[in-house]
Each structure stands twice: as structure tokens, then as C-alpha cells.
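Asker: Generate a structure from the sequence data that follows.
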Amino acid sequence: MARKRVVLDIVATDRTFRLMQGRQGPVWLGKCIHCNSKLMVTPDGTPIGKATVEHIVPRTHGGTDDVRNVAMACARCNGAKGRRLDNRRRDDPDLVAMIERLQQRRADRWRDPDDAGSP
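Answerer: Numbering: from 1, shown residues only. Down below sits the predicted model:
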């Protein structure tokens with residue numbers, strides 16, 4: 001249940017996500033923080049298909065589930081970042097650049113949770 005709450009918090013604060021009517025009922029449709037591919041989440045917070053939770057500051061470096069440190073990412077992009085960067089030293093220039101880039105994207109996509117509609 002805690003993971004679903006994190007996902008719903010992301011959806012509520014990411015302006016790329018919109019509640020749409022899918023074939024099976026309502027679904028949140030949004031975009032990967034890395035590549036902008038389409039991602040889907042059920043109204044109860046279950047990621048569908050390739051949608052995963054991305055920790056901008058990796059958990060290996062103290063990153064938390066704070067809503068400003070998480071975003072939705074496709075499994076391909078999230079896995080690639082994890083394999084390439086997450087286990088590097090915290091001061092590694094490539095890791096630092098990726099964290100800064102993702103923090104800026106997250107800030108650019110930010111919306112007040114009250115503006116999201118009902119998850």
C-alpha cells in the first residue's frame with residue numbers, strides 16, 4: 001500500500017498525468033521523466049506495464065520517497081540509470097549531472113496536488 005501511495009503522490013504532482021477513460025475504465029496517463037514515453041497508472045496507484053518509480057537521488061545515496069525526489073519512469077530508462085549511475089560515488093560528475101537534470105525536469109513538471117483531480 002505504501003508504494004501505491006508514492007505513485008499516487010507522483011501522479012498528483014506531475015502535470016503530465018491526466019485522468020483518462022481507458023478501455024477498462026479510468027487510468028492516469030502521463031510521461032516518463034527521462035524519455036517522455038507514455039506511462040499508465042490505475043486510479044488506485046498500481047503502475048501498468050512499463051511504469052516504475054524513479055528515485056532522482058538514488059536510494060543508495062540516501063534518496064527517499066519524498067514526493068520531490070520521485071517521478072514516474074519507464075522501466076527501460078529507470079533500469080539504464082540504475083545500472084549506469086546509481087552505484088557510482090555521490091560526487092561522480094555524471095551522476096551529479098543526471099540528478100540535477102532530473103530535479104529540474106521534476107520542478108518543470110510540478111503541479112499543486114489540489115489541481116490534479118481525484119486519483
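Asker: longest strand of the chain?
Answerer: Criterion DSSP state E: the longest strand present in the chain is strand 25-31.
Asker: nearest residue to residue 36 other than its sequence neighbours?
Answerer: residue 16 (8.0 Å; Cβ to Cβ, 6 or more residues apart in numbering). C-beta coordinates here come from the backbone N, C-alpha and C atoms, glycine included.
Asker: How about the secondary structure of the one you found?
Answerer: Here residue 16 is recorded as coil under DSSP: H, G, I helix; E, B strand; the rest coil.
Asker: what's the neighbour count on it?
Answerer: By the criterion of other Cβ atoms under 10 Å, residue 16 has 18 neighbours.
Asker: sorry, back to before: what about the next helix or strand after the longest strand of the chain, distance to the chain center?
Answerer: On the C-terminal side of strand 25-31, the nearest following helix or strand under DSSP states H and E is strand 38-41. Relative to its parent chain, strand 38-41 has a centroid offset of 10 Å by Cα atoms, centre = their mean, to the nearest Å.
Asker: and the helix or strand that comes right after strand 38-41, what does it pack onto?
Answerer: Next helix or strand after strand 38-41 toward the C-terminus (DSSP H and E): strand 47-48. Packing partners of strand 47-48 (3 or more Cβ pairs under 8 Å, 6 or more residues apart in numbering; DSSP states H and E): strand 38-41.
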